Structures are given as C-alpha cells and as structure tokens.
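**Student:** model the following, please.
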Amino acid sequence: MKTQVARRIHELLDGIKADFPRRKKAAEQLMRQAGIQDSLELAISPRESVSELPTFDRKISRQLSPMLKARFDYAGSWRMGQEIWLSATEMPSYLKRRAVRQCHRALRDQWEGSAPMVFSDRCLSLFGVTEYVPEDLVYLAWREKEREPEVWVSEGMESHNFANLEEYLRWRLEAK
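**Tutor:** Numbering: from 1, shown residues only. So this is what the prediction gives:
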C-alpha cells in the first residue's frame, strides 16, 4: 500500500511523463529553428532497490527520505533529452567525473549562495545532470534536522532552491 507521500510523488512523476510529448514538440521546434536536428527522447529505467545515496564526501551516505524512497521506487534513471535524474547506481560514477567535480569546486569557490558554498560535501548528493552541460547540476542538500533534503538547481547563470523533492517536481511539471 502506498503512503500519501508516495502517492503524491508518483502522481507528479506520472504528470511529468505524460507531459513529455508536449515539451518534446516545443523544444524540438526551437532546436530546428537553431538548425539542430536532434530528437529528444524520454527514457526511464526500471526501479532499483536502494536504501541510501552517496554524497560528495565519499565516506558519507544518506538514508533515503520518504519522498526519495517514492522517487526511486518509481524508477531508476530518468532521462529527458539531455537532462538526467540519476539512478542510485549512477550517482557514484557521476560524482567522480572530472567535469562534475570541477564545476562543483567552481560553484563552491565562486558562486555566492550556491549549494556547494552553503553546504559541506557530506551534506550534498548529486541528483541530476545535463549531458554536455557540466555547469547544470541538481543537488540534494541534506540539513541535519530535516527529514527531507532540499533540492538545489544550478543551471548556467540561474539557480533555484526547493524545500523538498515534491516542490521541485511540482515546479518541473508547472514550468512552461
């Protein structure tokens, strides 16, 4: 039996999946105008059994929160075009990638108020990336006394912060 939290997260994920064809069409029209002939696809891998997620501190892992448990019970990797919400098994290899580490360090050193500047590595997990755009990172930021991690998005010169995964998914669904 699904909990209320799991039901809400699964409904948002269902909504994002159902809305993909509309977003794909709009994005591909813009790409064609720019001379790009690529096609954007949605690829969702099967769920994986997971109980914890790695952080940027290799010695520390974080237990899944109820919202994250619901997300990973729904699917493993979630790819929308170049954007990837990582599976738990993909996270360690992405954390080791040179481009991810360099961008993470640059955010810590140069972007006032960025997730890496605000949180230590032991409090940050990598939730998502954009292929070929290393400065686009989605972090889970674990505060010690909070049950759910915050979601911090760094995209180019923009950033967005959300109190939890549900708020982030709602924003993704409602974004034009």
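
**Student:** and for E48, nearest residue in space, chain neighbours not counted?
**Tutor:** Leaving aside its chain neighbours, E48 sits nearest to G76 (4.6 Å; criterion: Cβ to Cβ, 6 or more residues apart in numbering). For the C-beta atoms, the positions are set from N, CA and C on the backbone; glycine is no exception.

**Student:** number of nearby residues for that neighbour?
**Tutor:** 17 (other Cβ atoms under 10 Å).

**Student:** was I right about it contacting P46?
**Tutor:** Yes. In terms of Cβ atoms under 8 Å, G76 counts as a neighbour of P46; the distance is 5.8 Å.

**Student:** which strand is the longest one in this structure?
**Tutor:** strand 133-141 (DSSP state E).

**Student:** quick one, what contacts F20?
**Tutor:** By Cβ atoms under 8 Å, 6 or more residues apart in numbering, the contact set of F20 is 42, 80.

**Student:** buried residues in the helix or strand it falls within, which are they?
**Tutor:** F20 is part of helix 4-33, with elements assigned from DSSP states H and E. By neighbour count on 16 or more other Cβ atoms under 10 Å, the buried set for helix 4-33 is 5-6, 8-10, 12-13, 16-17, 20, 23-24, 27-28.

**Student:** kindly tell me how buried the nearest residue to V100 once chain neighbours are set aside is, as a neighbour count.
**Tutor:** Leaving aside its chain neighbours, V100 sits nearest to Y94 (5.7 Å; criterion: Cβ to Cβ, 6+ apart). Around Y94 sit 18 other residues, with neighbours defined as other Cβ under 10 Å.

**Student:** let's have the chain start at 33 instead
**Tutor:** Happy to do that; since the first residue is 33 now, the last one works out to Y126.

**Student:** my read: Y126 touches V161, true?
**Tutor:** Yes. The pair Y126 and V161 passes the contact test of Cβ under 8 Å, sitting 6.1 Å apart.

**Student:** between those two, what contacts are shared?
**Tutor:** Each of 118, 132 lies in contact with both Y126 and V161 under the rule Cβ under 8 Å, 6+ apart.

**Student:** hang on, the residue nearest to E80 is in a helix, isn't it?
**Tutor:** No. Note on G108: no helix contains this position according to DSSP: H, G, I helix; E, B strand; the rest coil, which reports coil.

**Student:** surely R94 meets V82?
**Tutor:** No. Taking Cβ under 8 Å as the definition, R94 is not a contact partner of V82, at 11.2 Å.

**Student:** a strand runs through the residue nearest to V132, doesn't it?
**Tutor:** No. Assigned with three-state DSSP, Y126 falls outside any strand and is helix.
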